[in-house]
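> Sharing a model that was predicted from the sequence below.
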Amino acid sequence: METNSYLIKVKDLCTYFYTDEGTVRAVDGVELKIRSGETLGVVGESGCGKSVTALSIMQLIPSPPGKIIRGSILYQNNKGESLDIVQLDPRGKKMRSIRGGEIAMIFQEPMTSLNPIYTIGDQIIEAIMTHRNMTRQEAREHAIRMLDRVGIPGPKQRINEYPHQLSGGMRQRAMIAMALSCHPNLLIADEPTTALDVTVQAQVLELMKELQQEFGMAIMMITHNLGVIAETADNVSVMYLGKIMEYASAHDLFHNPLHPYLKALLRSIPSLAGKGQKLEVIKGMVPDPLSFPQGCRFAPRCRYARKICKQEDPPAVEIEKGHQVKCWLYQ
Ligand code: SF4
């Protein structure tokens, strides 16, 4: 099994949820690849399947009702083995050593992912002791160093505090300290700055960049914010209704966007230069997840939709090296 120099390579991933009302095809044929040290931005509006893709990589899909029904997630582990995460037992030893140790995740709202009844120190120490061969005292010292590294003042005192005693920005820093305390190969950051105010957002993004360089890890940056993508990503995958619509370097994505959905997204961002101009809206509504349209999923909202768009799903094609788009206009 080969990952071809990629740390992680997701191929034809399909994760569905079987509900009483019907089947939700939340992730439907997703392809992603991330190299060591790279930042891949995954951008799309709420409900497009970004977080379900991340949870699939972590083997954290609640089952039932969710299930990975097809595809592979090839991962190069610390021992140099190529593993297909989809084939691993979610509760097995191998997956538990990957999850939190080699692949870590931070979430939008740390208050919901930190346990309110334990101090942040207890939680970070537990993560370190689970994945690294350290005594409690060594783990405590390492946790203090990590809190210091992420810019939490007075880490020796703060380690004994509970999540509710920290501000939103400090909680997110504590989450980052916990995620990075085991030196993961890949950090999945799911909307890490959405719940923070803008000045703290910039600080947290800057911190993540610094730590990425220090630890040499890859980052999968999930966001609906194209500004965050422009700030952080090397390459970007644009998602819409469970599918990747465009993949390119961040430079090409902003300078030569191809997919009608991405073009419309970019036209809907306010800019100082466009003062007084009306912002564009993407017409129509996101379709019901229980009944996606036939053919291209963006067709009901696309101003360029033609007959074939409503009949057949376009394949992804490479327009130039490293720039792929899934749209009949480019076939
Ligand atoms: Fe629009 Fe057709 Fe392209 Fe879909 S395939 S984005 S409907 S032009």
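Looks like it arrived, so ask away. Residues are numbered from 1 along each chain as shown.
> mind listing the strands in the stretch 151-300 of the chain by residue range?
Shown for the stretch 151-300 of the chain, the strands assigned by DSSP state E, counting those that start in this stretch span residues 186-190, 218-223, 235-240, 243-249.
> so does the last one get close to the ligand?
Yep, that's strand 243-249 we're talking about. No: if you take Cβ under 6 Å from any ligand atom as the test, strand 243-249 misses the ligand, and the best it gets is 7.4 Å. (Glycine included, C-beta is placed from N, CA and C.)
> Which residues does that strand contact?
28-32, 49, 234-239, 253, 256-259, 261-262, 297-298, 316, 322-327 (Cβ atoms under 8 Å, 6 or more residues apart in numbering).
> Go through the chain and flag its longest helix.
Using DSSP state H, we find that the single longest helix of the chain is helix 198-215.
> on that earlier part again, let's have the strands of the stretch 151-300 of the chain in JSON lines, adding mean pLDDT and mean neighbour count.
Converted to JSON lines, these look like this (pLDDT from 0 to 100; neighbours: other Cβ atoms under 10 Å):
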{"stretch": "strand 186-190", "mean pLDDT": "92", "mean neighbour count": "24"}
{"stretch": "strand 218-223", "mean pLDDT": "93", "mean neighbour count": "24"}
{"stretch": "strand 235-240", "mean pLDDT": "96", "mean neighbour count": "24"}
{"stretch": "strand 243-249", "mean pLDDT": "96", "mean neighbour count": "24"}
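> how about JSON lines for those strands, with distance to Leu211 added?
Converted to JSON lines, the strands of the stretch 151-300 of the chain look like this (distance: least, Cβ to Cβ, whole Å):
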{"stretch": "strand 186-190", "distance to Leu211": "8"}
{"stretch": "strand 218-223", "distance to Leu211": "9"}
{"stretch": "strand 235-240", "distance to Leu211": "20"}
{"stretch": "strand 243-249", "distance to Leu211": "23"}
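> which helices and strands does the longest helix of the chain pack with?
Under the contact definition 3 or more Cβ pairs under 8 Å, 6 or more residues apart in numbering; DSSP states H and E, helix 198-215 sits against helix 168-180, strand 186-190, helix 226-232.
> can you do 10 Å?
Helices and strands touching helix 198-215, by 3 or more Cβ pairs under 10 Å, 6 or more residues apart in numbering; DSSP states H and E, are strand 39-43, helix 136-149, helix 168-180, strand 186-190, strand 218-223, helix 226-232.
> any idea of the mean pLDDT for the last one?
Read that as helix 226-232. In this model, helix 226-232 has an average pLDDT of 87.
> And for the second one?
Computed over helix 136-149, the mean pLDDT rounds to 91.
> Tell me how far it lies from the chain's centre.
Distance of helix 136-149 from the chain centroid (Cα atoms, centre = their mean, to the nearest Å) equals 27 Å.
> Show me what that helix is in contact with.
Contacts with helix 136-149, where a contact means Cβ atoms under 10 Å, 6 or more residues apart in numbering, come from 120-130, 132, 134-135, 152-159, 170, 173-174, 176-182, 207, 210-211, 214.
> ok so, going back, is it possible to export the helices and strands packed on helix 198-215 to JSON lines including distance to Val24?
As requested, these are exported to JSON lines (distance: least, Cβ to Cβ, whole Å):
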{"stretch": "strand 39-43", "distance to Val24": "19"}
{"stretch": "helix 136-149", "distance to Val24": "38"}
{"stretch": "helix 168-180", "distance to Val24": "28"}
{"stretch": "strand 186-190", "distance to Val24": "19"}
{"stretch": "strand 218-223", "distance to Val24": "19"}
{"stretch": "helix 226-232", "distance to Val24": "26"}
